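Asker: Coordinates for the following, if possible.
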Amino acid sequence: MSKILTGIVVSNKMQNTVVVDVKKKFQHRRYRKIVNMHKKYKVHVGSSTIPVGSTVKIQETKPISKDVHFMLASTQAFSKEPAAKETKIVKPSKTSTTKKKETTETASAVAVEPAQKTPKTEKKTAKKSVTRKKKVTS
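Answerer: Prediction:
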């Protein structure tokens, strides 16, 4: 019985071979935390070309070369554009711009308060330095 794994093609720059990244989730034995792991496998695909980003199923076989121990079982899906480019741009409405102005005003008010506290700390440090000088001289 051979392993059948599902992964995403990461590289197709070699002849007759692609690199597939297989992701796996499991629960840690002791800590019971869900752990995400991934491993890259070199897969023999023959003369066919598979684009980067496509989802494939791979099957374990006898060693074909030093690093290649899997063959392509099937190709499931391929999207021409990455998922990040599919995001929609939403234009802000007039009400959202007024809220942004209010948040910037509150942020500027918060920034003023620490500036007012700094002179008080300078006075305290000056007093400490004076008392230290008196102790040293006596």
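
Asker: Just the endpoints, please. Distance across stretch 53-63?
Answerer: Distance across stretch 53-63, first residue to last, is 25 Å (Cα to Cα, to the nearest Å).

Asker: Do me a favour and average the pLDDT over it.
Answerer: The average pLDDT for stretch 53-63 rounds to 95.

Asker: contact partners of that stretch?
Answerer: With contact meaning Cβ atoms under 8 Å, 6 or more residues apart in numbering, stretch 53-63 is reached by 2-9, 18, 20, 22, 41, 43-44, 50, 69-79, 82. Heads up, the C-betas are built off the backbone N, CA and C, glycines and all.

Asker: Tell me which stretches of the protein form strands.
Answerer: With DSSP state E as the criterion, the chain has strands at 4-14, 17-27, 34-44, 55-60, 68-77.

Asker: Just name the most buried of these.
Answerer: Each of those was scored by mean neighbour count; the highest is strand 55-60, a mean of 18, by mean count of other Cβ atoms under 10 Å.

Asker: Only C-alpha atoms, please: export that one in PDB.
Answerer: Listed next in PDB are the C-alpha coordinates belonging to strand 55-60 (Å, rounded to 0.1, in the frame of the first residue of the first chain):
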ATOM      1  CA  THR A  55      -3.200  21.400  -6.600                       C
ATOM      2  CA  VAL A  56      -2.100  17.800  -7.300                       C
ATOM      3  CA  LYS A  57      -2.300  14.300  -5.800                       C
ATOM      4  CA  ILE A  58       0.900  12.400  -5.600                       C
ATOM      5  CA  GLN A  59       1.600   8.700  -5.000                       C
ATOM      6  CA  GLU A  60       4.600   7.000  -3.500                       C
END
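
Asker: Each with direction, which strands does that strand pair with?
Answerer: strand 4-14 (antiparallel), strand 68-77 (antiparallel) (DSSP bridges).

Asker: If I average pLDDT within each of the ones you listed, which one is lowest?
Answerer: strand 68-77 (a mean of 90).
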